[in-house]
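Colleague: how does the following fold in three dimensions:
(4 chains)
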There are 2 protein chains.
Amino acid sequence: MTKAHEGNLPAVTEEMSQRFDAWQEAGFDAANCPVRDVLDRVGDKWSVLILTALAEEPKRFSALNRAVGDISKRMLTQTLRTLQRDGLVDRTVYPTTPPTVDYRLTELGHSVLEPLSALIAWAETRHDDIRAARNAFDEDEAVAA
Amino acid sequence: MTKAHEGNLPAVTEEMSQRFDAWQEAGFDAANCPVRDVLDRVGDKWSVLILTALAEEPKRFSALNRAVGDISKRMLTQTLRTLQRDGLVDRTVYPTTPPTVDYRLTELGHSVLEPLSALIAWAETRHDDIRAARNAFDEDEAVAA
DNA sequence: AGAGTTGGTAACTAAAAGAGACCATACCTC
DNA sequence: GAGGTATGGTCTCTTTTAGTTACCAACTCT
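Modeller: Predicted structure coming up:
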C-alpha cells in the first residue's frame, strides 16, 4: 500500500507522467500553458475562498468583503476582476444610490467547483499528515542546526 | 443548463457552500487553514510541474532542472524543500562525488495526484473558454478606455 | 592544469501582495 | 443644514515574495 509506486502504477500516475511527456515534447511554453493559467488563479490566496463564497448564491461586493473577513477591498476588487476576466464570475451593476453591484458564478465558474472540491477534500483529509511531516522536518532542521 | 444555479443545486454546489458556512462559523483562522496550506503549494508556479515530473519515477536534482527547463536552481531547491517539508517528496542523498541526490514522491505525494489530475484535466478542457472570456473582457476594456 | 559535473547557497533586483486613507453620491437623523 | 452612514471602489505607500545571476567545494576526465 505504501509502495504504490513500485511496479503496478495506478492509473493517475500514468496519466500524469504522460501529461508531463506531452508537455516536454511541446516545448512547454509557460506563457501558453493552460494549467499554469488556471493554477495561478486557484493558487492565489483569495480566489478559492471567493469562488466558495459565491457557490451557493450571488453576493454583493460588501457582502463578500464581510464574508471573507480579512481581505482588503483592494485585494477583493483585484481578485474579482481577475475571476471576471477569466469568465468564472459575472459582475452586475444596478444603478441605485449607493451603487449595488453583485457577483455570481458563471457556468464556467460553477464547473470548476467539482475538481476544486475534490482538491479541498484532499486537503482536509490529509492536513494532519502534512502538519505532521512539517513538524518532523522542522525538528530535524533544529537538531541539524 | 446554463442556469444550473437556479433551484436544483448540484451536489457540489451544496458541498461548497456548506464548507463555506463551516469556515465562517469556525471563524476562518487563515493561519490554520488546511486549504490555504495546500493551495499555496498547488498554486505556486513550480510545485505542480515538479509533482508531475516526479509522478512516474524518482529524478535527480539536475534531471529535474533539465526536465522543467525554465526553472532556476534556486527556485528548484526552494520548491523541493517546501514539498519535502510538507511530506509530499522524499529526498535521498548518496555520498558519491559529485553528490547524487534524488527526489521521489511519498505516498502522500502520490495521493495528491488524483485530485490534482482532475483539476488539470478541467484546465485543459476549459482553457479555450477561459481564453475566449479573457479576450472578450480585454476588448470591452479597450472600448471603454 | 583546465574544464566539466554535482547540488546547492548568498546577494541582489523586480514584481506582487497588502494596508490604509480617500472619494462621490445619496440617504437618515438631529 | 451639519454630521454620520453606506455603497463600491481607487491611489499611494510599504512589506513580502519571486526570480536572476554569480559563486562554491569536491572530484573526474582529458
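
Colleague: just the strands in chain A please.
Modeller: Applying DSSP state E to chain A gives strands spanning A:59-60, A:89-94, A:100-105.

Colleague: closest one to DNA strand C among these?
Modeller: strand A:100-105 (11.7 Å; Cβ to the nearest atom of the strand). Using the backbone N, CA and C atoms, a C-beta is placed for each residue, glycine as well.

Colleague: let me have the strands of chain A in JSON lines, adding mean pLDDT as columns.
Modeller: Listed next are the strands of chain A as JSON lines, based on pLDDT from 0 to 100:
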{"stretch": "strand A:59-60", "mean pLDDT": "96"}
{"stretch": "strand A:89-94", "mean pLDDT": "96"}
{"stretch": "strand A:100-105", "mean pLDDT": "96"}
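
Colleague: JSON lines for those, including mean neighbour count and distance to DNA strand D?
Modeller: Below are the strands of chain A laid out as JSON lines (neighbours: other Cβ atoms under 10 Å in any protein chain shown; distance: least, Cβ to the nearest atom of the strand, whole Å):
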{"stretch": "strand A:59-60", "mean neighbour count": "17", "distance to DNA strand D": "4"}
{"stretch": "strand A:89-94", "mean neighbour count": "14", "distance to DNA strand D": "7"}
{"stretch": "strand A:100-105", "mean neighbour count": "18", "distance to DNA strand D": "4"}
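
Colleague: distance to residue A:75 for these - can I get that in JSON lines?
Modeller: Output for the strands of chain A, formatted as JSON lines (distance: least, Cβ to Cβ, whole Å):
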{"stretch": "strand A:59-60", "distance to residue A:75": "16"}
{"stretch": "strand A:89-94", "distance to residue A:75": "15"}
{"stretch": "strand A:100-105", "distance to residue A:75": "14"}
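
Colleague: right, and these - which one's nearest residue A:34?
Modeller: Closest approach to residue A:34 among the strands of chain A (Cβ to Cβ): strand A:89-94, 18.9 Å.

Colleague: tell me what the closest one is packed against?
Modeller: On a contact count with 3 or more Cβ pairs under 8 Å, 6 or more residues apart in numbering or on different chains; DSSP states H and E, strand A:89-94 meets helix A:47-56, helix A:73-85, strand A:100-105.

Colleague: centre of the chain to that strand, how far?
Modeller: 22 Å (Cα atoms, centre = their mean, to the nearest Å).

Colleague: list the contacts of it.
Modeller: A:50-51, A:54, A:58, A:80, A:83-84, A:99-106, A:109 (Cβ atoms under 8 Å, 6 or more residues apart in numbering or on different chains).
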